[in-house]
Structure formats: C-alpha cells, structure tokens
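# just the structure for this:
(3 chains)
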Amino acid sequence: MSVQVISNTCTGCETCVSACPFGAIEMRGGKAFITESCTLCGACIEACEFKAIERTGEEAVAAAKDLSAFKGVWVFAEQHKGGISSVTLELLGEGRKLADKRQTKLSAVFIGQDIKNRAKDLIAHGADVVYLADDPALKDFNDDSYSAVLTTLATLHKPEIILAGATAIGRSFIPKVAAKLYTGLTADCTVLDIDPETGNLHQTRPAFGGNIMATIVSPNHRPQMATVRHKVMKPAPRNDARTGEIIEVKFTQTGDVRTKVIKTVEELGETVNICEANIIVAGGRGMGGVKNFHLLEELAKVLGGAVAATRGAVDEGWIPYSHQVGQTGKTVCPKLYIACGISGAIQHVAGMQSSDVIVAINKDPDAPIFSVATYGIVGDVLEVLPVMIKKFKEIRG
Amino acid sequence: MDYLLTEDQIMIRDLARQIAVEKIVPVRAELDEQNKFPTDIMKAMAQADLFGIYIPEEYGGLGKKSFELYIAIEEISKACLGVSTSYAANALGTYPILLHGSDAQKKKYLPNIASGKHLAAFGLTEANAGSDASGVQTTAKLEGNEYVLNGTKQWITNGGEAQIYTVIAITDKSKGARGASCFIVEKGTPGFTFGKKENKMGIRASSTTELIFNNCRIPKENLIAREGMGFIVAMKTLDCSRAGVGAQGVGVAQGAIDECIKFAKGRVQFGQPITSFQAIQHMLADMQTQTEAARALVYSAARMMDSGAKDFSRASAMAKLFATDTGMKVTTDAVQIMGGSGYMKEYPVEKMMRDAKILQIYEGTNQIQRNVIALDMIKEASRQK
Amino acid sequence: MNIIVLVKQVPDTSEVKINRETNTLIRDGVPSIINPFDMFAIEEALRLREQHGGKVTAVTMGPPQAADALKETVAMGVDEVVLLSDRAFAGADTWATSYTLAQGIKKLGAYDLVIAGKQAIDGDTAQVGPETADMLGIPFIAYIKKIEAIAGGKMTVERMMDDGYDVVESSLPALITVVKEINQPRLPSLKGKMKAKNLKVTTLTAKDINADENLLGLKGSPTKVVRIFPPAPRGQREILSGTIEQQVDQVVKKLKEQSLV
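Numbering: from 1, shown residues only, chains lettered A, B, ... in the order given. Reported below is the predicted structural model:
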C-alpha cells in the first residue's frame, strides 16, 4: 500500500505540503512528491481539493489471527484502595455503548485485594461480567502481576476490545499486555467509534501536543486496545437493578516476583490532583512573580478549584511541578479553566484545551490564549483578579 | 560582521551562549539583588569545560588560546558581568602559573583549574597600591623552607570563593619594584583569612574581599619564577587579561543593545513604535557601530597575542580602553532609549549600566591604559629617530 | 554498570506553530531535538556511571539523520551510540518500534539497566518503554522520579503515581522510564562536542539485529493511522471589551448562567 500523487491532476498548489504532519511531501518539478517519510496517514488525501492524491495497492494482509474469534468489550476497572476510580465509570459508560453497537457483552476486569464486595458496583454501572482477581499478592499495583492477569484472561477469552484509563497505572502496564498479545494499542484516546461492518475500533487521539487529531485502527489484530483520557467520556449511570455475572479468577504467580512495592506515599493537601479538579485557576509568567500567586489561590478557594501553572511559572520556581499543565506536565479537562497571565504557548494549550469553558485574562489582545478561550478578558491580570475575586465572593455569599 | 571564526571557536561561542541564556539570564537579577556568588553557574560552566579553554591539553585543558577565552567571556558578559567577572578573574589568577610557573607547579595546579574543580584569584591591589603597583606593602620573608606572608590585599575578585591565589608580595623592600615576588597561596593555609564581602555598585554576583595574611607560612616551592620577578609576572599577566576586560565591554554593550532594541520595537509613543523615530534609530546605529569597532579591536588584539607576538601591551591596552568606554556609553544609551523602563529593575539594562562602570576601573583604570598606550607610542617614536 | 539509554529524535513541538486559518502545522524551520524527556534519561545514566563506573550506550531508531541526536548524547558524555536505521523500519508504530529496539538491545550484550524518557513529545504515547521491556523479558517501572539505591543486582526507585508516589524494589536488569523531577540535565561539554564532531556513528540494519521482516516498520505495525485532521474549532469565542469591571461582570454573569460557579 502506498499514497501517491496523480501527476496530471496535481496543480502544484502545495496545500498537501503544509497539511502533512510528517513533513513527507516535497515539491518536485512543480508537483507534489511523497517521500520515504510517508506514514500513509492520509492527511494529504483529505487536504487535496483536486483529488490528486490517492491510496494505491492492496492492504497488506497479516491475517495471522482469525478475527471473528474475538468477541466482547472489556474494560480494565481501576481501583484505588478498594474505591472504584472515576475513570472506570467513564470506561464502563463508553464500553456499554460500544458493546451495544456490537450486540455483545461488556466485561470488567477487576484486580486488587479485598475488592470482592465492590464487584457488583461495576455491574450496576453497566458491566455484564466481572472478572474478579482478588488476591493479597495483588494489593499494590505491580506491572508484572497486573499484566499477567489481564494477558492470561485475554488469551483465554479473546475479547474484541480492551479499554483502560490513560492513568499512571493504565499507561504503565497496558502496553505490556499489548506487547504480549502482539496487538495494536492506542494511547490517550478522546473519541472512540466502531465500524459496524469490520468491527474496527476507530480510536481518535490528539497528537503533536493536541494540534492535530489522528484516527487509528488495528485492522488485522485483536483485541483492539486503547487507553482513554480521563474526564472525556460520560460516566455510566448507576442502576442497582442490573444483573450480571461475577467470575472469580485465581491468581497464580508465574515466575519470580521481580518488582515489589515497598511503600506507598500519598501526597495530599498542597499537591491537589489537578486532573480531578472541576475548576482550575492557572497562572503563567504574566503573574509577574511568586508574590502574586496568592491571588490565584484566593480565587481558587472562592470557586472551590485547584491552582495550576504553566511551564514558565514552574521553571521560575513560583509553584511546584506537580501543578504544571501542558505537554511536559499534566493534561487536564475541567469544566472551567481560568488562564491568568498565560500567553498560550502550544506546549501549555496542549494540556488544557479540552476544558469545557476557558476564561483567559491577558493584557495583550493578540495573545494566542485568546484563540482557545471561550471568554477573553483583555487587561492586566493583577488588576482583573482582585475584581474577579470580589465579584465571585459576592455571588457565593 | 563575520569574523571568520573556526568551527571550534563557533562551538565555544554557542556553548557559552547556551549557558548564558539557559543558566544565567533567568537568575541574574536575583544574583545582583542578593549579592550572591553564582556557585551553580560556575559548576555548569565547569562541566561544559569552559574553565579549560586556554589551558594546554597536557594539563587537562582544551589547548586553545586567548581568542577562544575572550569569545566565551563576551558571551557570558552579554548576560551578566558579575558572572563573567568571576569567570575572567579565574583566568587572571591562573596566568601567573601558566606564563611563569614551573612544570611542577603547572602539573599541580592547572588540571584542577581546567576542570573547574578549583577557582583561582589574583592578588595585587592593596590599600596603598592600585594603579601604582609599586606601593605594595604585603611582605614575604624566607624562613628555612617557608615564606612567611604578612599584609592585606584589597578588593580581590573571587576572594573567599577561590582555592588558588596568586599573590604579589615584597621579598626585598630595598629593591623597590624589583623586590616584588609572586606566590601561590592555597585557601585553608593557616594565617590566611578573608575580610568581609564588599557591597558593590555593580557586578554584585562576583565576590570581592580582602585577603588577610597574618604570619601565613607557605612552602618555598610556591614561589613563581624567581624572587624579584613579581612585577614582571604581574605586568605580563595583566597584558594577557586586559583585552579580556575589553571582551567584557563588548559583551555587555551587545547585551544592552539586544535588550533595548527588543523593547524599543514594542514601545509605542505618538502612535508608533519608537524605533520609527530617527532620533532612536541614530542612537541605535551609533551603539552598534561602536560595539562592532570595539569587538574588531578586541579580536585583533587577541589574534596578535595568540600569534606569538612578544610585546602586545599597547594592543591589549587599546582594546581594553576602547571596548570598556564603549560598554559604559552603550549601556547608558540603552537606559536612555528605554527611558523610565530602562531605569527600573524590572529590565536588565540598569544593571548592565551599573556593572559596566567597573570595566573602566579594574585591571588598570582607563587613564592608566592611556598612559600605557602613550608611553609605548613615544618609545616607538624615539626608536625611529 | 552497563546502562542503555533509549532516545528519540523529535520535532521541537514547542516551536511548532499553527496556521490558524488552515489549522495546519507550520513545520518550516522547526528544529529536530532530542525528546526532552530522554534528556532526563541521559542525565540519570551519566550520574549512575559517575557513581558506579561502567559505560552508557545511547540507542535510537530512526532515519540516518537521527545520528545527530546520538552525537548530541556523546557531547553530553555518553560513551557509545548505536543507530538502528533501515528502510524496513519506516512507518513503525509503538509495537514495531519496541520490537526493533529490543532486537537492537539484545545485540549489544549484557546490560544492567535500560532508561528511557516517560514519553516522546511528538506521539505522547508512553508505550515504547513498557513494550520494549516486555519484549526483552525484563521488569518495567514507569514514571521514576528518584533512584534511591542500586546494589547487589537490585534497585530501589520512587515511582510517581497520580496521587503520590510508590517506593518500588526491582531486580536488575530492568527498564525504567523517568520523569522531569528526577534531575536537571547537564549541558554538553566542549570536550564532548569535539569527540562528537569526529564520531562515526555505528548503524545497525534489520539484518544486523536478526529481525523478522514481517514484524518491522509499517508491515509489522498492528495500528494504522487512517485519518489526520485538525481539531474541531471551539464553539463560541468571545473577546470582551470595556473596563475591567465591566468585562469581569460579563464573565461572572455568563459563568453563573451556565451554572459553572
């Protein structure tokens, strides 16, 4: 398979050259030319107004697997000290939709210690089957044992789809499962859809710091695996009338225990997990110094939100790294994001552009932050914030 | 202008620039405000091999010469003269060993200086000896296998921070200037202490202290060259370092121009950026032209020195004189163009202006440089008769 | 200690700009850099070598020009570098990339530790580390913010989690991915740069690493990108005007209407 330019049709407009996210198109003799760097993503095909670029050749068939043998949608039900993580409910919500479309069952894989009594909660939230691996050896998250449980189950039951949260745990051990199963895994998806004919899961995720979206499929491999971004999918509603089957899975340690958790340290208080916050007040270099950060804290307190910052502010040492939003920090999608004195560099925007509502405060009306803002306030952030704090205090009583 | 730098020279320039931009610019205001020695920056510079540029490869350096050192000094000076003073003063303290030290002394001290493990300082100035170097009152007396040092050095850059001090002291008072000698004194030697850190107008990131010698005994083999060679060692050292002060002038001038043009492009008055006014344009043109002339002079002096020329006092004096006067003028003009903003500590040019002043003063005031230049001219004219 | 560092050459996404009219990336003049997270991996490897002795080898998979990234690691102090480069590697997804890296690493002989950055800034998948570890059959620990100790074929590390951190013990050899907190990467040195300038980078091809052609590059990749498109523009966008008081009033009112506050 390859992507080719139909020379006669190409007008030399160069639209495809800039559309290519991989810089794989050059102009040669006034026509577009696709170089070796091409990854067959097809962005140019979409971009060409003249239908001068096409896919050619047959899809390479690596039909090593009988795809029809794979059935069912699975989610990895992440828990923390027995409490079901909010991302699990979102996965169940999305998994339910996919399972219904495929007219198949939704199963949850539930791993931990002393979690048995919570398995029915997963059923109430949409699972038809819960594979429960409850064992003292599974108390702490461990890449080896978690991946062993999931790999064994998936090999035995052959699900068509496995979803997990794009959390620290999910993004750590799910790739090991994909490696073992020799199947495709797409990280950090924000949109999932299924092709009713082929059963191909269309997994859409941001790339290049959120500047472009890519849709990815694994046409010849099953199960189709994806990690899903937190707070993007709708959580499944609870319905205690639902029934389902709980299948207990015996965990047997195979091979040596190579890694073990010696200690778990929770960092509370100061290091609010900004990924969980519904409202975030974030500051950038425009805050002018650590001395002004109390304004952010005050506003966050009034609104019941968390304080975040740009890389610039973190690099200046105004606030610890755990508060950094952006490509080299955390990705957040709160309901409300208030960007204070933030210019809107791509590296920051990548981490917050999925927020529902973005309010930007910047004195430069041309600041790039305004192009992602729902509402933009043009003014000195140090003047705006006190006014804003006062107004919100008024309405909150 | 293109000075046809070699590949290695470009490499040195780029790395020094990277350190300046990434490590120095973000903290320079804080270092200035808190009078704080840039320990972390010195470590980064050491790791990058910047301390070994001019030291021969056999002693662990890169085997480059003055020109390469000046290129590094210029880049660091663009960001902060306080840091570049600490860096350049290290070379100043090293030159006596490099130029006149024995092989054993070189083997003992240079590798640690090249790696940046040890910092060096040069001790000449005293309360009654500055421009007049013959007023030195610190004495060194040979007792058995040791010299005993007594006296106080004043305003010594890297004082307290350096491990290696090259110090001028009088070994024979009766011989005047010919009775001075140069010694290596290590930090921690009993009888060697430091006065308080000076509170300066500028270059506040650099450390300036007194060196106090109170019956400080050092081994005899710490004498550099021979007894009586002290002033020759000092003068040769200053000949080598002086044009480096010129490189500091070029750097600070360029740094100020870069800040000021960035500001002026965005500063709108009467509905247009101030760069559209001819008054500003002409100032900018003069600032850059003078800086470029200074740079050309410093580079020429360096190339002459590195070519093996024997006598380059006049060349290095002219380079120091012109480039540091230019540094002072250009930084002052940069503040002027930026107006009220330029005078504020929110912008770096007021610091550059405060910093630049010392360049006209230390390592021989610019009045002394003029003396050196004029005397050399007169000497040459007499020879031609 | 023999330490292997995995590096990737990426476009500097902080320099990538967007053409807001066409919503496409402006790639002109965007420099290629070492993936910033890999810099922490390199620094940690160099520090371990300073403490424990041994050597650091940097490995990358990429086109011939990825040799530049390897030279940069040498300028920082890395001892040896290996470039895995072959046309057959082109178009690899994370699975095929991991397979290639694992095959390459197996070729290098015994090692104690493999270190990589937590993810690459162009793809942001964070999958190549764990997948490679699995194919090498060695333990994997992600998001390391501190190596507490290494001794006697074991190491103790601190792993960042979403709400704190875990102290984890692992046998060696192992593969870890590191986060920004772990250290501050050094700058290159002049001696390193001079060494890098004259360095001939060792290149290994598919054949050299005994790779199964069917598992390489596009052919060996389970995932295929079927579509690339600009993100949907955000709905309403409103830049307010008036005094600060007026602007704040409008925002507060709107947020209240949407029950956001």
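
# so residue A:8 is in which element?
Per DSSP states H and E: residue A:8 is located in neither a helix nor a strand.

# what about it, neighbour count?
By the measure other CB atoms under 10 Å in any protein chain shown, the count of residues near residue A:8 is 7. Quick note: C-beta positions are derived from backbone N, CA and C, even for glycine.

# repeat that for the one 5 residues further on.
If you count neighbours by other CB under 10 Å, residue A:13 ends up with 13.

# ok, now the one 4 residues further on?
Residues near residue A:17, counting by other CB under 10 Å, number 20.

# same check on residue A:249?
Residue A:249 has 18 neighbours, counted by other CB under 10 Å.

# so it versus residue A:131, what's the distance?
Relative to residue A:131, residue A:249 is positioned 5 Å away (criterion: CB to CB, to the nearest Å).

# what do you get for residue A:95?
Between residue A:95 and residue A:131 the distance is 14 Å, computed by CB to CB.

# then residue B:370?
Between residue B:370 and residue A:131 the distance is 90 Å, computed by CB to CB.

# now residue C:247
Using CB to CB, one gets 54 Å for the distance from residue C:247 to residue A:131.

# now name the helix or strand holding residue A:246.
strand A:245-248.

# circling back: which of residue A:95 and residue A:131 has more neighbours?
Under the neighbour definition other CB under 10 Å, residue A:95 and residue A:131 were set side by side, and residue A:95 has more, 29 against 24.

# make sure that one is indeed in a helix.
Yes: under DSSP: H, G, I helix; E, B strand; the rest coil, residue A:95 falls within a helix.

# give me the number of residues near residue A:294?
Here the count is done by other CB under 10 Å, and residue A:294 has 10 residues near it.

# distance between the host helix or strand of it and the chain's centre?
When secondary structure is defined using DSSP H and E, the element that contains residue A:294 is helix A:293-303. Chain-centre distance of helix A:293-303: 28 Å, with CA atoms, centre = their mean, to the nearest Å.

# which elements pack onto that helix?
Contact analysis of helix A:293-303 by 3 or more CB pairs under 8 Å, 6 or more residues apart in numbering or on different chains; DSSP states H and E lists strand A:279-283, strand A:306-309, strand A:336-340, helix A:381-396 as its packing neighbours.

# go with 7 Å
strand A:279-283, strand A:306-309, helix A:381-396 (3 or more CB pairs under 7 Å, 6 or more residues apart in numbering or on different chains; DSSP states H and E).

# tell me the mean pLDDT over the shortest one?
Computed over strand A:306-309, the mean pLDDT rounds to 93.

# how about it, does it get close to chain C?
No: between strand A:306-309 and chain C, judged by CB under 7 Å from any CB of the partner chain, nothing touches; the nearest distance is 13.1 Å.

# now do the helices in chain B.
Using DSSP state H, the helices of chain B run over B:7-19, B:28-34, B:39-47, B:66-79, B:81-100, B:103-114, B:230-266, B:278-306, B:313-343, B:349-356, B:366-384.

# looking at those, which is buried most?
With neighbours taken as mean count of other CB atoms under 10 Å in any protein chain shown, these reach their highest mean count in helix B:66-79, at a mean of 28.

# looks like residue B:38 contacts residue B:81 (just checking).
No: under the contact definition of CB atoms under 7 Å, residue B:38 does not touch residue B:81, with a separation of 11.7 Å.

# distance from the chain centre to stretch A:339-347, please.
Here the centre of stretch A:339-347 is set off from its chain's centre by 21 Å, with CA atoms, centre = their mean.

# also stretch C:95-111?
From the chain centre to the centre of stretch C:95-111 is a distance of 16 Å (CA atoms, centre = their mean).

# is it positioned near chain A?
Yes: using CB under 7 Å from any CB, we find that stretch C:95-111 touches chain A at C:95, C:98.

# quick one: contacts of that stretch?
With contacts defined as CB atoms under 7 Å, 6 or more residues apart in numbering or on different chains, stretch C:95-111 is touched by A:178-179, A:182, A:184, C:2-4, C:6, C:57, C:59, C:61, C:82, C:84, C:89, C:92, C:114, C:128, C:131-132, C:135-136, C:173, C:204, C:208-211, C:215-217, C:220-222.

# also stretch A:247-263?
With contacts defined as CB under 7 Å, 6+ apart, stretch A:247-263 is touched by A:129-133, A:135, A:137-138, A:140, A:142-144, A:148-149, A:153, C:139, C:141, C:166-171.

# same deal with stretch A:100-113?
Outside stretch A:100-113, the residues that touch it by CB under 7 Å, 6+ apart are A:71-77, A:79, A:82, A:92, A:95-96, A:99, A:119, A:122, A:126-136, A:138-139, A:146, A:149-150, A:153, A:159-160, A:194, A:196, A:199.
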